[in-house]
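**Student:** sharing a model that was predicted from the sequence below.
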Amino acid sequence: MATSPTHETEHQITLSADPRAVYAVLADATAWPAVFPPSVHVERIEDNGREERLRIWATANGRPKTWTSRRELDPERLRIRFRQEVPAHPVAAMGGEWIVEPVDAATTRVRLTHDFSAVDEDGVDFIAKAVDRNSEAELASLRAAVEDSGEVSRLATFEDTVRVDGAAADVYDFLFRADLWPERLPHVARIVVESETPDVQLMEMDTRTADGSTHTTASVRVCFPEHLIVYKQLRTPKLLSVHTGRWTVRPEGGGAAVTSQHTVAIAPEAIASVLGEGATMADAHAFAREALSRNSMTTLKAAKEYAEGRRSARV
């Protein structure tokens with residue numbers, strides 16, 4: 001079956017930021033999950049300073065996809081060309097370019113171009129919608145990242161670690177089997193887990209808060225047996241514009257250590273409505289850390305109990 005003709009698109013935005021700072025954000029692809037809504041996880045496979053190969057996990061129209069891309073970085077001209085080497089269905093070919101253009105001393109224009117073809121004509125509309133949605137979301141998030149001039153950054157990263165007298169494989173199994181969390185974790189009221197691709201999970205979860213209410217989040221998780229699970233919330237609590245995380249499991253001595261790490265970006269416009277008038281960005285970070293660490297520690301302690309119980313049962 002013949003592929004579709006090549007389609008071309010361009011999206012652009014004008015930012016109040018230094019062009020070099022804008023280029024730096026675009027060049028650091030492994031940090032994209034904390035900046036761009038569609039990006040879930042990025043691994044750098046090869047890198048010689050000018051060319052790199054990336055394995056990318058991201059969403060397209062709300063569904064998780066993964067592909068491998070090659071990028072050519074040109075810091076002098078402030079351009080980054082990209083081309084998918086192994087596209088995700090229904091993409092037959094995809095490439096494009098980030099073009100950063102100084103407008104004046106304090107203003108930068110960013111143009112994002114794409115050219116693509118589909119495996120058949122039925123896929124063109126899906127790809128076109130995904131390109132439009134993702135490009136607009138990325139450019140808007142780029143603005144938030146480079147124009148963030150507050151005294152306290154919107155972004156913060158924090159983590160919690162628990163030592164386990166049990167097998168790392170059992171700790172990982174507890175974290176991987178999120179479908180069992182409602183019967184294992186008191187703060188999880190409901191969860192639905194879908195997996196169209198092995199080790200890639202799409203989750204919707206109802207979480208109980210300290211005051212007894214519940215809120216619903218949706219996430220994509222990418223799982224690397226038996227040591228790492230990374231995730232990105234697609235639907236976040238009101239206070240957060242970004243929430244990414246990772247569960248890292250590593251053998252340690254005769255047992256294991258398991259770490260929960262969160263990276264969050266606060267939504268400034270939500271601070272007053274969630275925390276009250278007069279609340280600050282620092283207050284919002286403290287609130288988010290307390291809430292997320294409380295749930296993480298509950299999960300880590302439950303994983304510890306599960307793995308140590310499994311070890312005792314084997315003795």
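**Tutor:** Structure received.
**Student:** residue 189: how many residues sit nearby?
**Tutor:** Counted with other C-beta atoms under 10 Å, the neighbours of residue 189 add up to 15. The way it works is simple: take the backbone N, C-alpha and C, and place the C-beta from them, glycine included.
**Student:** swap that for residue 133, sorry
**Tutor:** Look at residue 133: counted by other C-beta under 10 Å, it has 16 neighbours.
**Student:** can you check residue 252 too?
**Tutor:** Counted by other C-beta under 10 Å, the residues lying close to residue 252 total 12.
**Student:** list the beta-bridge partners for it.
**Tutor:** Residue 252 forms beta bridges with residue 255, as assigned by DSSP bridges.
**Student:** how much space separates it from residue 18?
**Tutor:** From residue 252 over to residue 18 the distance is 43 Å, taken as C-beta to C-beta, to the nearest Å.
**Student:** and if you look at residue 281?
**Tutor:** Using C-beta to C-beta, which is the criterion applied here, residue 281 is 22 Å from residue 18.
**Student:** this protein: strands as residue ranges?
**Tutor:** Shown for the chain, the strands assigned by DSSP state E span residues 7-15, 39-47, 51-60, 63-74, 79-86, 91-104, 107-118, 155-164, 188-197, 200-208, 214-224, 228-235, 240-252, 255-266.
**Student:** and these: which comes nearest residue 307?
**Tutor:** Among the strands of the chain, strand 155-164 comes nearest to residue 307, with 5.1 Å by C-beta to C-beta.
**Student:** counting by contacts, list what that closest one packs against.
**Tutor:** strand 255-266, helix 281-314 (3 or more C-beta pairs under 8 Å, 6 or more residues apart in numbering; DSSP states H and E).
**Student:** would JSON lines of those with mean neighbour count and mean pLDDT be doable?
**Tutor:** Converted to JSON lines, the helices and strands packed on strand 155-164 look like this (neighbours: other C-beta atoms under 10 Å; pLDDT from 0 to 100):
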{"stretch": "strand 255-266", "mean neighbour count": "21", "mean pLDDT": "96"}
{"stretch": "helix 281-314", "mean neighbour count": "17", "mean pLDDT": "95"}
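**Student:** could you dump those to a markdown table with distance to residue 179?
**Tutor:** Output for those, formatted as a markdown table (distance: least, C-beta to C-beta, whole Å):
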| stretch | distance to residue 179 |
| --- | --- |
| strand 255-266 | 19 |
| helix 281-314 | 14 |
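**Student:** just the terminal-to-terminal distance for stretch 262-277.
**Tutor:** Using C-alpha to C-alpha, to the nearest Å, the end-to-end distance of stretch 262-277 comes to 26 Å.
**Student:** cool, and stretch 260-272?
**Tutor:** Here stretch 260-272 reaches across 28 Å from its first residue to its last, counting by C-alpha to C-alpha.
**Student:** quick one: low-confidence parts of the stretch 101-250 of the chain?
**Tutor:** Low-confidence segments of the stretch 101-250 of the chain, defined by pLDDT under 70: 148-152.
**Student:** can you rerun that using 80?
**Tutor:** Using pLDDT under 80 as the threshold, the predicted model of the stretch 101-250 of the chain has low-confidence ranges 105, 148-153, 210.
**Student:** sorry, back to before: out of the strands of the chain, which comes closest to residue 176?
**Tutor:** Here strand 214-224 is closest among the strands of the chain (C-beta to C-beta), at 5.8 Å.
**Student:** so what strands line up beside the closest one?
**Tutor:** Based on DSSP bridges, the strands next to strand 214-224 in the sheet, each with its direction, are strand 200-208 (antiparallel), strand 228-235 (antiparallel).
**Student:** deepest-packed of these, please.
**Tutor:** Most buried of the strands paired with strand 214-224, by mean neighbour count (mean count of other C-beta atoms under 10 Å): strand 228-235, with a mean of 20.
**Student:** from the chain's centroid, how far away is that one?
**Tutor:** In terms of C-alpha atoms, centre = their mean, to the nearest Å, the centre of strand 228-235 is found 6 Å from the chain centre.
**Student:** again with stretch 122-133
**Tutor:** In this view, stretch 122-133 has its centroid 21 Å away from the chain centroid, taken as C-alpha atoms, centre = their mean.
**Student:** in it, what's buried?
**Tutor:** 123, 124, 126, 127, 130, 131, 133 (16 or more other C-beta atoms under 10 Å).
**Student:** which one of these is nearest residue 55?
**Tutor:** Closest to residue 55 out of these is residue 130 (18.5 Å), distances taken as C-beta to C-beta.
**Student:** the residue nearest to residue 64 when sequence neighbours are not counted: neighbour count?
**Tutor:** Excluding its sequence neighbours, the residue lying closest to residue 64 (C-beta to C-beta, 6 or more residues apart in numbering) is residue 220, at 4.7 Å. Other residues near residue 220 number 24, with proximity taken as other C-beta under 10 Å.
**Student:** distance to residue 67 for the strands paired with strand 214-224 - can I get that in TSV?
**Tutor:** As requested, the strands paired with strand 214-224 are arranged in TSV below (distance: least, C-beta to C-beta, whole Å):
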stretch	distance to residue 67
strand 200-208	12
strand 228-235	16
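**Student:** before I go, just wanted to say thanks for your time.
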